[in-house]
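Student: 3D model of this:
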Amino acid sequence: MPRLRALLAALSLATLAACDSSPSVPEIDPSFAKPGNGGGPIKVEATDPTGAPQDTTLDVRIFGSGFEPGSRANFLLDSLPTPGVRTNRTSFVSPTELVANITIELTAVVDLYDVEVTSGNGRRRGIGTEMFSVVEKTTGPDHGNVITT
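Tutor: Coordinates of the predicted model:
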């Protein structure tokens, strides 16, 4: 009989251990994380330069956070795309920097433009309001238009 009691006690303990009601949480392996691709918000904080004249093609550095390979930059007027400022290409530098090569047409509206960055999959976007200015093209010995590629 003592053996039977010991066996029943052992079975009772095993049953209680198997019925543990605490939820199991899977461990997350951080090696699967991809920098700049975490799905967090995109923030646009600054541009360099902060503006350029009409009739110009140049590279604009865009600073912020949440950028990823495949991100695209657009320059908007009153939150809408405009044919006057066209993004030729956007290059990923880091999760905090992109370079947009843009063309500002001679007919572009002189104003402050919003800078929009959209994630590579198009699901996330961030807008820096009035972060880039288009100024009137001037001519003269010290005011020719600057073209960089």
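Student: what residues does the helix or strand hosting residue 58 touch?
Tutor: Using DSSP states H and E, residue 58 maps to strand 56-65. Counting by Cβ atoms under 8 Å, 6 or more residues apart in numbering, strand 56-65 makes contact with 40-49, 52, 73, 88, 93, 95-104, 115, 117, 126, 128, 132, 137, 145-149, all of which sit outside it. Glycine gets a C-beta too; all of them are placed from N, C-alpha and C.
Student: inside strands: which ones of the residues you listed?
Tutor: 43-48, 52, 73, 88, 93, 97-104, 115, 117, 126, 128, 132 (DSSP state E).
Student: need the buried ones from the residues you listed selected in ChimeraX.
Tutor: Selection of buried members from these for ChimeraX, criterion 16 or more other Cβ atoms under 10 Å:
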select :44,47,52,73,98,100,101,102,104,115,117,126,128,132
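Student: buried residues, the strand holding residue 58. List them.
Tutor: 56, 57, 58, 60, 62, 63, 64, 65.
Student: residues touching the nearest residue to residue 121 once chain neighbours are set aside, list them.
Tutor: Take residue 121 and drop its neighbours on the chain: the residue closest to it by Cβ to Cβ, 6 or more residues apart in numbering is residue 70, 7.4 Å away. Residue 70 is in contact with 92, 119, 120, 121, counting by Cβ under 8 Å, 6+ apart.
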